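**Student:** Provide a 3D model corresponding to the input given below.
(chains A and B)
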Amino acid sequence: MITDNDELKDFKLRPMKCECNYLNRSDGSAILSQGQTVAVVSVNGPLDIKMQSQSIGKATLEVLFSSKGGKPSIGDRYKEHVIRQTCESAILGCLYPRTGITVTIQELEDYGGFLACCLNACCLALLNAGLAMRHTFAAVSCAIDEQGNIQLDPAPAQLETSRATMTFVFESREKSLVTAFTDGSYSDSAYSEAMERCRSASDLVFQFYKQIVSKYSYVIG
Amino acid sequence: MSEVYKLIHPVKFFNDYISKNVRPDGRSFSEQRNIKLNVDAIKTADASALIKCGNTSVICGIKLELATPKAEEPNKGFLITNVELPPLCSSKYRPGPPSDSAQVTSNIVSDIINNSKCVDLTDLCIVPDKLAWVLYCDMLCLDNGGSLVDACIITLMASLKTLRLPTVTYDPETEDIKVDTNVQTKLKLNGLPIATSFAIYKYMDRNVTLVDPSSYEEDMCGGLGANLILCYNKGFLCSSQKFGGSNFSVDCEEKALKIAKERAQLAEEVIDVCIKNYESKTNTV
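**Tutor:** The predicted structure is shown next:
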């Protein structure tokens, strides 16, 4: 059990690299790599949408996920659901009533922690698009192996030997939990410990966001 | 009068209840709805169960089929789960191909079953690389009154518990398959996963956790379906999913875990009692 805060600060995530405005035709876009996992996200909006999908109180968020193979599957719908729900809680949709915001994610490489990478790329693309947000969010994944050790941001080799993988998304203001999803079975204590570790590690992601954004914006950064 | 009020001021209507520590349907925050379970509801299916949990009702039928195992996993059978949300169950759904929420629910249910490892797929294999059972588990929602995943998991587990596999003899030379329905074996189950749904509502500065939310409460808390789903199998968590709703603090988390654990025991009892009654009835007839 790790309780000491200093120790939590040494947690390492795989190196992150990002380029904003990667796609020049969309309102905001980002390509993000975490280790060898890479995703591209494009954000368009607020834009006109069909009458029937308009909502009078807030913007309608549309999330499209395309996998590398290009063939849609039930797993993709689930990923879209995760991303939509996370973005919806972050975007101040009430400022853009009767409009639509589309978020398109393209998978490039999946070497572990893919959905976490997608979520982080989405956050950067949303920032890049200049949409009003309640908070930013950072996704951190971790794996628990048979001995109960927690490995942050696991590589594919570590995923193979793990008994459970978890992904947590935290918001920037109070570090409270926005989204969580898990795979495999584990005990309550392992779950809470993994969450605490990921919560501390999310700081690194938020620092990274600041670094990226300050490159093009002096105001936000 | 209150119906009009609910339409004109939907948020205030809901907040008024929450501020009095009661939910619009009269339950307290941590109170669940009663579970009514009935096994063997469809006589033509190999196993089936019907659940009614508040207004939510889901029927599950299991069909057995024989197939050749996948080449990559020659000693494993198949367990295929599917959740259907027809327009019958709620005005939110339109006829046509499965909606996004049906696909997402399907995915969550199959993930829970796979992660809990309650069915060992190698048990479903009859002859490696040649013959294995396929369990088609179809869940049909008759009425979506919220907490859909909970209901789906309970019906599915109750059906699996009553499922009996006929004996199959396979002749490797002639490739002849003989199915003997007189000698049946129970399917071995490793534990009994039970899911518990929560809706998380932000009222003033505190988070209110609503256990076993109705569909109205789910809508009020934002998000499609429940905000938090925790699933326990034999004291171990086998799934934890949180989407949307209010953001979540640590103490709420602990409380939710405790409630989910208690509910897992309660639901397990319900299933056991129901199956015991069913078995004693079928034995006497």
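
**Student:** quick one: name the residues of chain A near chain B.
**Tutor:** A:74-75, A:77-78, A:80-82, A:85-86, A:88-89, A:166, A:171, A:174, A:176-188, A:191-192, A:195 (Cβ under 8 Å from any Cβ of the partner chain). Glycine gets a C-beta too; all of them are placed from N, C-alpha and C.

**Student:** need the contact list for residue B:183.
**Tutor:** Each residue near residue B:183 by Cβ atoms under 8 Å, 6 or more residues apart in numbering or on different chains is listed here: B:166-167.

**Student:** next up, phi/psi of it, please.
**Tutor:** phi -100, psi 110 (degrees, to the nearest 10).

**Student:** and for residue A:180?
**Tutor:** Dihedral angles (degrees, to the nearest 10) for residue A:180: phi -150, psi 140.

**Student:** now it: closest residue in space that isn't a chain neighbour?
**Tutor:** residue B:242 (4.3 Å; Cβ to Cβ, 6 or more residues apart in numbering or on different chains).

**Student:** so what's the one you found scoring on pLDDT?
**Tutor:** With respect to pLDDT, residue B:242 has a value of 91.

**Student:** do residue A:176 as well
**Tutor:** pLDDT at residue A:176 comes out at 89.

**Student:** same check on residue A:220?
**Tutor:** 64.

**Student:** checking the residue nearest in space to the middle of chain A next. Helix, strand or coil?
**Tutor:** Geometric centre of chain A, nearest residue: residue A:119, 1.8 Å, by Cα atoms, centre = their mean. Of the three states, residue A:119 takes helix under DSSP: H, G, I helix; E, B strand; the rest coil.

**Student:** quick one, what contacts it?
**Tutor:** A:82-83, A:86, A:137, A:139, A:167, A:169, A:179.

**Student:** dump those residues to TSV, plus pLDDT, distance to residue A:104 and neighbour count.
**Tutor:** Listed next are the contacts of residue A:119 as TSV, based on pLDDT from 0 to 100; distance: Cβ to Cβ, whole Å; neighbours: other Cβ atoms under 10 Å in any protein chain shown:
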residue	pLDDT	distance to residue A:104	neighbour count
A:82	93	15	26
A:83	95	10	25
A:86	93	15	25
A:137	95	18	26
A:139	96	18	28
A:167	95	21	20
A:169	95	19	31
A:179	92	19	27
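
**Student:** which one of these is nearest residue B:84?
**Tutor:** residue A:82 (21.9 Å; Cβ to Cβ).

**Student:** please, which helix or strand holds the closest one?
**Tutor:** helix A:74-90 (DSSP states H and E).

**Student:** for residue B:229, same thing?
**Tutor:** Counting by DSSP H and E, residue B:229 is found in strand B:228-233.

**Student:** what segments of chain A are strands?
**Tutor:** A:16-20, A:28-34, A:37-47, A:60-66, A:100-109, A:137-145, A:150-152, A:162-171, A:177-184 (DSSP state E).

**Student:** any low-confidence regions in the chain?
**Tutor:** Using chain A here. A:1-10, A:220-221 (pLDDT under 70).

**Student:** that's the wrong chain, I wanted chain B
**Tutor:** Looking along chain B with the criterion set at pLDDT under 70, you get B:223, B:284-285.

**Student:** ok, back up a step: what sits up against the helix holding residue A:82?
**Tutor:** With Cβ under 8 Å, 6+ apart, helix A:74-90 has contacts from A:61-67, A:103, A:105, A:115, A:118-119, A:122-123, A:126, A:133-137, A:139, A:169, A:171, A:178-179, A:181, B:100, B:103-104, B:106-108, B:222-224, B:243-245, B:247.

**Student:** render the CA-only coordinates of stretch B:263-279 in PDB, please.
**Tutor:** Below are the C-alpha coordinates for stretch B:263-279, written out as PDB (Å, rounded to 0.1, in the frame of the first residue of the first chain):
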ATOM      1  CA  ARG B 263     -27.500  -6.300  -3.100                       C
ATOM      2  CA  ALA B 264     -25.400  -9.100  -4.700                       C
ATOM      3  CA  GLN B 265     -26.200 -11.300  -1.700                       C
ATOM      4  CA  LEU B 266     -29.800 -10.400  -1.800                       C
ATOM      5  CA  ALA B 267     -30.200 -11.100  -5.500                       C
ATOM      6  CA  GLU B 268     -28.300 -14.400  -5.100                       C
ATOM      7  CA  GLU B 269     -30.900 -15.500  -2.400                       C
ATOM      8  CA  VAL B 270     -33.800 -14.500  -4.700                       C
ATOM      9  CA  ILE B 271     -32.300 -16.600  -7.500                       C
ATOM     10  CA  ASP B 272     -31.600 -19.600  -5.200                       C
ATOM     11  CA  VAL B 273     -35.100 -19.600  -3.700                       C
ATOM     12  CA  CYS B 274     -36.700 -19.300  -7.100                       C
ATOM     13  CA  ILE B 275     -34.800 -22.200  -8.500                       C
ATOM     14  CA  LYS B 276     -35.300 -24.300  -5.500                       C
ATOM     15  CA  ASN B 277     -39.100 -23.800  -5.800                       C
ATOM     16  CA  TYR B 278     -38.900 -24.600  -9.500                       C
ATOM     17  CA  GLU B 279     -36.900 -27.800  -8.900                       C
END
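
**Student:** follow-up on the earlier one: single out the most deeply packed of the strands of chain A.
**Tutor:** Stretch with highest mean neighbour count among the strands of chain A: strand A:137-145 (a mean of 25; mean count of other Cβ atoms under 10 Å in any protein chain shown).

**Student:** what lines up beside that strand in the sheet?
**Tutor:** strand A:150-152 (antiparallel), strand A:162-171 (antiparallel) (DSSP bridges).

**Student:** with respect to residue B:25, which of the ones you listed lies nearest?
**Tutor:** strand A:162-171 (30.7 Å).

**Student:** and the angle for that closest one with strand A:177-184?
**Tutor:** 170 degrees (axes from the mean of the first three to the mean of the last three Cα atoms, to 10 degrees).

**Student:** name the residue most distant from the centre of chain A?
**Tutor:** Farthest out in chain A is residue A:51, which, by Cα atoms, centre = their mean, sits 29.9 Å from the centre.

**Student:** where's the residue lying closest to residue B:184 once chain neighbours are set aside relative to chain A, distance?
**Tutor:** In space, not counting the residues next to it along the chain, residue B:184 is nearest to residue B:164; the distance is 3.8 Å by Cβ to Cβ, 6+ apart. Distance, residue B:164 to chain A, using Cβ to the nearest Cβ, to the nearest Å: 27 Å.
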